[in-house]
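sequence? don't have it. structure:
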C-alpha cells in the first residue's frame, strides 16, 4: 500500500473510532454521574478525533496535489517518515493523557470527576494502541514488499 492510501485508511479508521466513541459516550449519559463523566470524555475526544481525521485527510490530499513528484519513491519515503514520527509523538502524548486521567481519578471522590478521569484514561489508552499500531505499519516505500536499499 502506498503512503497516500495508508493516510486515507488511517483517517477513515480514526473517523470510525470517533463514531464509536460518540455512540458509547451518548449511551453512557443515561446512567449515573460516574458514567456521564466517562461518556462526556468519549464524546469530547470523538469530536477532536473527527476533526483530526478530517483535517489530516484534507492535508494529505493537498500535499499530494501540490507536488509534481507525489508518486516518486523519495516522496513516499519522506511522507512515510513524517507520518511515522507524528504517530510516535502522539503515542508519547497518549501516555501523558493516561497519566493525567489516572491523576484526576485519584484526586477526587466526586463520581462525575472520577468518570472524567477514567474517560481520559480510556481514550488515551485507545489512542495509544491506535498510534502504536499505525506507527509500526506506516509504509515508507512505494511498493509493498520492496526493499528501499
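Nice, thanks for sending it over. Everything numeric here is computed off the predicted structure, so don't read it as measured data. Numbers count the residues shown, from 1 in each chain.

kindly provide the distance from the most centrally placed residue in the chain to residue 48.
Nearest to the mean C-alpha position of the chain, by CA atoms, centre = their mean, lies residue 127 at 5.1 Å. From residue 127 across to residue 48, the span is 10 Å (CB to CB, to the nearest Å). The way it works is simple: take the backbone N, C-alpha and C, and place the C-beta from them, glycine included.

residue 72 now?
Applying CB to CB to residue 72 and residue 48 gives a distance of 34 Å.

so what's the residue lying closest to residue 41 once chain neighbours are set aside up against?
With CB to CB, 6 or more residues apart in numbering as the criterion, residue 41 has its nearest non-adjacent residue at 2.6 Å, and that residue is residue 119. Contacts for residue 119 (CB atoms under 8 Å, 6 or more residues apart in numbering) come out as 37, 38, 39, 40, 41, 42, 45, 101.

that older thread, which strand or helix spans the residue nearest to the centre of the chain?
Per DSSP states H and E: residue 127 is located in helix 111-137.

all helices of this protein, in order?
Secondary structure of the chain (DSSP state H): helices located at 3-28, 33-66, 73-106, 111-137.

quick one on the thing from earlier: buried ones in the helix holding residue 127, by neighbour count?
112-124, 126-128, 130-131, 134-135 (16 or more other CB atoms under 10 Å).

now swap in stretch 40-53 and tell me
By 16+ other CB under 10 Å, the buried positions in stretch 40-53 come out as 40, 41, 42, 43, 44, 45, 46, 49, 50, 53.

what separation is there between residue 114 and residue 123?
Residue 114 is 15 Å from residue 123, where distance means CB to CB.

can you check residue 60 too?
In terms of CB to CB, residue 60 sits 24 Å off from residue 123.

same check, this time on residue 51
Separation of residue 51 from residue 123 (CB to CB): 15 Å.
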